[in-house]
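Any chance you can model this:
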Amino acid sequence: MSCKCESERIVHVSAKCSDRCDVSIGTKELSDYVPRDMGIGHGDYVEFSYCLDCGQIQGEFPLEKTDLEGSDEEEEEE
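Below is the predicted model:
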C-alpha cells in the first residue's frame, strides 16, 4: 500500500476499546461503540491506517455526513 504522497511508510492501527469510544465533531459528542460511518473502525474496534510522511489517514474520502452530525432536517428543527 502506498499513500497519495507516494510514501510506503503506512502505519496500520488496530485497537479494542470495549464499548467505550469517545468521539466529537464540533459540539456534538458520542460515548458509545466505535461509529461505523467515520472510517475509523466499528463496534469495539478502532482500525485505520495513516502515512508517517504526510500524516494523511488512508481510505476513500470524502465520507457522507455521519450519524453523529445528524441530517439537515434535524438542524433545521433546532
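
which residues of this protein score low on pLDDT?
Applying pLDDT under 70 to the chain flags the ranges 71-78.

The chain: strands as residue ranges?
Using DSSP state E, the strands of the chain run over 10-16, 21-25, 28-32, 41-42, 45-51.

quick one: which of the ones you listed is nearest Thr66?
When the strands of the chain are compared by CB to CB, strand 21-25 sits nearest Thr66, at 7.1 Å. C-beta here means a position set from N, CA and C on the backbone, and glycine is covered the same way.

That closest one to strand 10-16, inter-axis angle?
120 degrees (axes from the mean of the first three to the mean of the last three CA atoms, to 10 degrees).

Tell me the strands beside strand 21-25, with direction?
strand 28-32 (antiparallel) (DSSP bridges).

how far does the strand it pairs with sit from the chain's center?
Its chain's C-alpha centre and that of strand 28-32 lie 13 Å apart, by CA atoms, centre = their mean, to the nearest Å.

which residues touch that strand?
Strand 28-32 is contacted from outside by Asp19, Arg20, Cys21, Asp22, Val23, Ser24, Leu68, Glu69, Gly70, using CB atoms under 8 Å, 6 or more residues apart in numbering.

want to throw these into JSON lines with distance to Glu60 and neighbour count?
Below are the contacts of strand 28-32 laid out as JSON lines (distance: CB to CB, whole Å; neighbours: other CB atoms under 10 Å):
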{"residue": "Asp19", "distance to Glu60": "27", "neighbour count": "11"}
{"residue": "Arg20", "distance to Glu60": "27", "neighbour count": "10"}
{"residue": "Cys21", "distance to Glu60": "21", "neighbour count": "20"}
{"residue": "Asp22", "distance to Glu60": "25", "neighbour count": "9"}
{"residue": "Val23", "distance to Glu60": "19", "neighbour count": "15"}
{"residue": "Ser24", "distance to Glu60": "23", "neighbour count": "10"}
{"residue": "Leu68", "distance to Glu60": "19", "neighbour count": "16"}
{"residue": "Glu69", "distance to Glu60": "18", "neighbour count": "15"}
{"residue": "Gly70", "distance to Glu60": "22", "neighbour count": "14"}
